[in-house]
Every structure is written in structure tokens, then in C-alpha cells.
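1. Here is my input; please provide its structure:
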Amino acid sequence: MKKCAFITLGCKVNQYETQALREAIISNGYEEASFSSPADLCVINTCTVTSTSDEKSRQQIRKVIRNNPDATVIVTGCYAESDAEAIKKIDGVEYVFEKGKESMLIDFVKNGFVINNTSVTVSNNIGEHNTKKLRRNESAFDLKISKFDGHTRAFLKIEDGCDIFCSYCIIPYVRGKVVSKKIDDVIFEAEQLISNGYKEIVLTGIHLGAYGKDTGYQLNIIDVLKELQNLSGLERIRLSSIEVNEITDSLIDTIANSEKVCPHFHLPLQSGDDYVLKRMNRKYNTAQYLKTLEKIEEKLELPSISTDVMVGFPGEKRRHFENTLRLCEKAGFSRIHIFPYSPREDTPAAKMPDHCKPSEIKARKKELEFLATETSLRYKNLFIDRNISILVEGTRDKKTGKLCGYSDRYIKVLFDDTDTLMNEIVDVYVERVSPQFVMGKCSSHAERGNE
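-> Below is the predicted model of the structure:
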């Protein structure tokens with residue numbers, strides 16, 4: 001049996017799409033290679049969210065080719081859409097598939113790599129055909145998943161595309177406009193995942209809160225949550241990143257009244273200064289952001305609010321950055337993902353004249369990291385001497401050798417016990433905390449649903 005290998009760069013959506021490719025290719029006569037063994041076929045799912053992502057994609061492609069000189073190498077994903085010509089120039093890359101052509105990729109593999117004009121496609125530079133790219137996205141859900149290899153929690157893509165057009169972002173031109181998965185297909189995939197033992201499903205999308213926009217919101221994200229809550233065997237439903245201006249009172253109430261939807265909101269902030277937010281073309285201001293946090297905290301007990309912050313955006317002065325620090329301090333984020341700004345070709349931000357110095361960006365990143373550690377510790381300390389429910393991972397923590405898992409509020413928990421608890425939901429009594437995790441002891445071996 002021929003061996004195949006898969007490399008994924010980028011977001012949760014990319015991870016979902018790689019899993020869909022994995023299942024389809026394996027069903028066509030391949031077996032996945034182990035980490036150390038050579039493969040006959042290597043599929044690399046790339047990312048292009050930043051120029052750094054492009055470089056990482058190229059580095060990974062070259063590494064795969066070095067380690068598998070005899071393999072057929074296929075490159076797909078967002079970087080394959082944005083600059084296929086650059087990928088084609090890498091010696092050893094045989095085929096490049098643009099975004100939305102995953103089902104054609106499977107046909108191509110199934111037919112033994114027979115080349116024809118409809119199965120192997122290469123895109124033009126995105127800057128030349130933006131309007132055309134924005135019109136097509138209809139093949140976003142051709143492939144489906146039934147498991148999620150290597151993960152205790154399963155990511156389920158229910159939406160693709162974005163039309164926010166943040167001034168620093170290329171993704172709307174790569175992914176196209178918003179398109180939503182039919183709710184029957186969402187339920188079907190969820191049922192497949194549950195039947196294969198997954199207790200938690202993370203709903204993902206490029207612009208998750210826009211689910212249903214392409215149909216005039218005949219159904220929305222709340223409808224998806226309500227349908228999934230009715231599925232037997234599903235213990236947890238988690239929302240991945242969602243825009244703060246799409247957190248409605250109804251959505252907050254739905255989560256507050258649910259026993260399955262996790263009280264964890266990942267709400268990208270990007271900047272805590274209104275001037276910078278406007279330049280970024282974000283669709284909210286800082287007052288709106290903080291007001292939404294207040295509404296969440298009124299309805300839910302100790303909700304977890306994590307965020308993304310970009311430092312060093314063009315035009316960001318010291319006073320603007322200090323506004324970001326103050327907002328992050330006030331919000332008390334449980335986790336902050338910090339991204340130093342880097343110019344992305346073909347975006348309005350890259351053409352702005354007042355870019356920050358690399359030394360300024362580096363210093364601000366370090367300063368925000370210090371604050372992020374403080375707010376994370378402050379939030380975790382609220383759970384000392386409490387029981388928290390966690391889904392135990394299928395592997396032990398690499399550094400400590402302890403069992404580990406995540407709470408419904410997305411707190412990483414370490415504790416000592418037996419491997420029999422893996423993939424079970426258990427209560428852990430929190431004894432001490434660190435910036436990265438909390439530690440405790442198992443206080444219940446019963447699954448939450450059976451307590």
C-alpha cells in the first residue's frame with residue numbers, strides 16, 4: 001500500500017481541510033506514513049495570512065522535498081491560491097492546487113495523477129483578479145470528515161470566506177465571500193464525529209459569526225448551536241474566533257442557558273485604540289468592545305475571554321499602544337495572542353507610509369507579553385480551591401509527563417492519574433496556577449453527564 005503524508009500550516013480551518021483530504025486520500029488506497037518513514041505522496045496545506053506565513057510555507061515545502069526526494073509533492077491551501085507561480089518555481093513541487101479545488105485534487109489522486117486541464121489548476125496573482133476571486137467559493141464543503149486524527153477535540157468547519165476587508169488582511173481575496181455549510185451537513189458530520197468518540201466539537205470558520213449571511217440569515221450561528229445541543233453523546237460545543245460586533249444578546253443568552261456550549265469567547269481585539277482600529281478597517285470601536293464584555297460577564301459566571309492583538313500597525317504611536325495596554329488590563333483577558341505587524345503585499349496597510357520601526361514593534365510585543373502573563377494569572381487564580389471540569393487529552397503533557405486537558409473555559413490543566421482517564425471528562429481540584437496552566441488532583445472519575 002502506498003504511503004501518504006500531510007503537512008498543515010495556519011489556522012483551525014486549514015487543519016479541518018487537511019483532515020478532509022486525509023480521509024479522502026486514504027479511502028482511495030493510501031496509508032498514512034509514520035513521522036519518520038518516507039512517503040509516496042506528500043500534501044502540503046499552506047498559509048498566506050502574512051508574508052512570514054508565505055516564507056514558512058516555502059520552508060516547509062523545501063523540507064518535505066528534502067526528506068522525501070522520491071515522493072509526489074502536491075501543494076494546496078491559501079498560499080497556493082495567492083502565489084502559485086512562486087511555488088511552481090520550487091524544484092521538486094509537481095502539482096499546485098488552488099483553494100476550492102480540493103475535490104479535484106482527490107479525483108487527481110484517484111486517477112493516478114493523470115494530468116488534464118480541469119483537474120490541475122494554478123491561480124494567477126490575487127492582485128490581478130480580486131473581483132473574480134470574490135465570486136467563487138461554492139466548492140468550500142465538497143469534502144467532509146468523520147474523525148480528527150491526532151486531536152481529542154474535533155474542529156468542524158461550518159463557514160468559509162470573509163468580506164470584512166481588514167486593511168492588513170489578504171484572506172478575503174484568497175477565500176472569497178462568505179459561504180455557509182448546510183445545517184443538515186453540519187449535523188451529519190457532527191454525528192460522525194460523535195460516533196467515533198469525540199466529546200467536544202469546535203465550530204470553526206474564516207468569519208464564523210457570518211454563518212448564514214449568504215442566505216440572508218435564514219439560519220444563523222445560534223440555530224447551529226441549538227441543533228448541536230440536541231445530539232446525544234456530544235458533551236461540549238466550543239466557538240472558535242468570532243467578531244465582537246457579532247456577539248448579540250441572543251447569542252449570549254443561548255450560551256448562558258446551555259449546558260454544552262463552553263463559556264469561552266475568543267474575540268479578536270487587534271488594537272485598543274479607536275484611531276488604529278479605523279485604519280485597520282475593523283467594524284467596532286473600543287467602547288463597543290468593552291460594552292460587549294460587560295454583557296457577557298453579566299450573564300455568565302467567570303467567562304473566559306481570549307483575544308488577538310496586533311502590535312506595531314502602521315501609524316501606531318506610543319499613545320495608541322498605551323490605550324491598548326489599558327484596555328487589555330481592564331478586560332482581564334484569560335489569554336492574549338500577540339502578533340507583531342508585518343506588511344502583507346497587496347493590502348492597503350502595506351501601502352501606508354508611516355510604518356513602525358522593527359525595534360518599536362519588538363519592544364511593544366515584549367511589554368504586552370508581560371501584561372498578558374499578569375492577566376492570565378489573575379484569571380486562573382479565580383479557580384484555586386475550585387473543581388473544574390476538563391476533557392483529558394489522549395496523550396500526556398510532553399514536558400511534565402502528567403495527564404493534561406482543557407476546561408470548558410479553555411484553561412490548560414495538569415494532574416497525576418492513570419491513562420484510563422484519557423478522552424474522558426473529569427473534575428480536577430485546582431491547587432496552584434502558572435501563566436501557562438493550572439495544576440491539581442482529580443476529584444471525580446465520572447463523566448459530567450453521569451454525575
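2. Just the mean pLDDT for stretch 204-224, thanks.
-> Throughout stretch 204-224, pLDDT has a mean value of 97.
3. Buried residues in that stretch, which are they?
-> Buried residues in stretch 204-224, defined by neighbour count with 16 or more other CB atoms under 10 Å: 204-214, 219-224. Every residue, glycine included, has its C-beta placed from N, CA and C.
4. buried sites along the helix or strand Gln15 falls within?
-> In the assignment (DSSP states H and E), Gln15 maps to helix 12-26. Under the neighbour-count criterion of 16+ other CB under 10 Å, helix 12-26 has 12-25 buried.
5. which stretches of the protein form helices?
-> Read by DSSP state H, the chain holds these helices, from start to end of the chain: 12-26, 51-67, 78-82, 84-88, 102-110, 130-135, 171-175, 183-195, 221-229, 249-256, 274-280, 286-299, 318-331, 358-381.
6. Let's have those in JSON lines, adding distance to Phe35.
-> Shown next, in JSON lines, are the helices of the chain (distance: least, CB to CB, whole Å):
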{"stretch": "helix 12-26", "distance to Phe35": "15"}
{"stretch": "helix 51-67", "distance to Phe35": "11"}
{"stretch": "helix 78-82", "distance to Phe35": "23"}
{"stretch": "helix 84-88", "distance to Phe35": "24"}
{"stretch": "helix 102-110", "distance to Phe35": "22"}
{"stretch": "helix 130-135", "distance to Phe35": "36"}
{"stretch": "helix 171-175", "distance to Phe35": "29"}
{"stretch": "helix 183-195", "distance to Phe35": "24"}
{"stretch": "helix 221-229", "distance to Phe35": "33"}
{"stretch": "helix 249-256", "distance to Phe35": "38"}
{"stretch": "helix 274-280", "distance to Phe35": "39"}
{"stretch": "helix 286-299", "distance to Phe35": "41"}
{"stretch": "helix 318-331", "distance to Phe35": "38"}
{"stretch": "helix 358-381", "distance to Phe35": "31"}
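7. right, and these - which one's nearest Cys4?
-> helix 12-26 (5.5 Å; CB to CB).
8. Distance from the closest one to the middle of the chain?
-> 14 Å (CA atoms, centre = their mean, to the nearest Å).
9. Report the angle between that helix and helix 102-110.
-> 30 degrees (axes from the mean of the first three to the mean of the last three CA atoms, to 10 degrees).
10. Show me what helix 12-26 is packed up against.
-> Applying 3 or more CB pairs under 8 Å, 6 or more residues apart in numbering; DSSP states H and E, one finds that helix 12-26 makes contact with strand 2-8, strand 41-46, strand 72-77, helix 102-110, strand 154-160, strand 200-205.
11. which residues are in contact with it?
-> For helix 12-26, contacts defined as CB atoms under 8 Å, 6 or more residues apart in numbering pick out 4, 6, 8, 32, 41, 43, 45, 47, 76-78, 102, 105-106, 109, 143-149, 155-157, 160, 202, 204-206, 240.
12. next one: stretch 432-440
-> Stretch 432-440 is contacted by residues 373, 376-377, 380-381, 383-384, 388, 402, 404, 411-415, 428-431 when judged by CB under 8 Å, 6+ apart.
13. Roughly how far does Ser257 sit from Gln15?
-> Actually, residue 257 is Asn. It isn't Ser. Distance from Asn257 to Gln15, counting by CB to CB, to the nearest Å: 30 Å.
14. try Tyr410
-> 17 Å.
15. Same check on Val430?
-> Applying CB to CB, the value for Val430 to Gln15 is 29 Å.
16. now, which of the buried residues of helix 12-26 sits nearest Arg175?
-> For the buried residues of helix 12-26, the minimum distance to Arg175 (CB to CB) is 8.6 Å, reached by Val13.
17. where does the chain have low pLDDT?
-> Along the chain, the parts satisfying pLDDT under 70 run over 113-140, 444-451.
18. let's go with 50 and repeat that
-> For the chain, applying pLDDT under 50 flags the ranges 115-136, 445-451.
19. Outline the domain layout of it.
-> Per the record, the chain has its domains at 2-123, 271-381, 387-450, by automatic domain parsing.
20. Could you export those domains as a markdown table, including distance to Gln192?
-> Formatted as a markdown table, those follow (distance: least, CB to CB, whole Å):
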| stretch | distance to Gln192 |
| --- | --- |
| domain 2-123 | 10 |
| domain 271-381 | 28 |
| domain 387-450 | 17 |
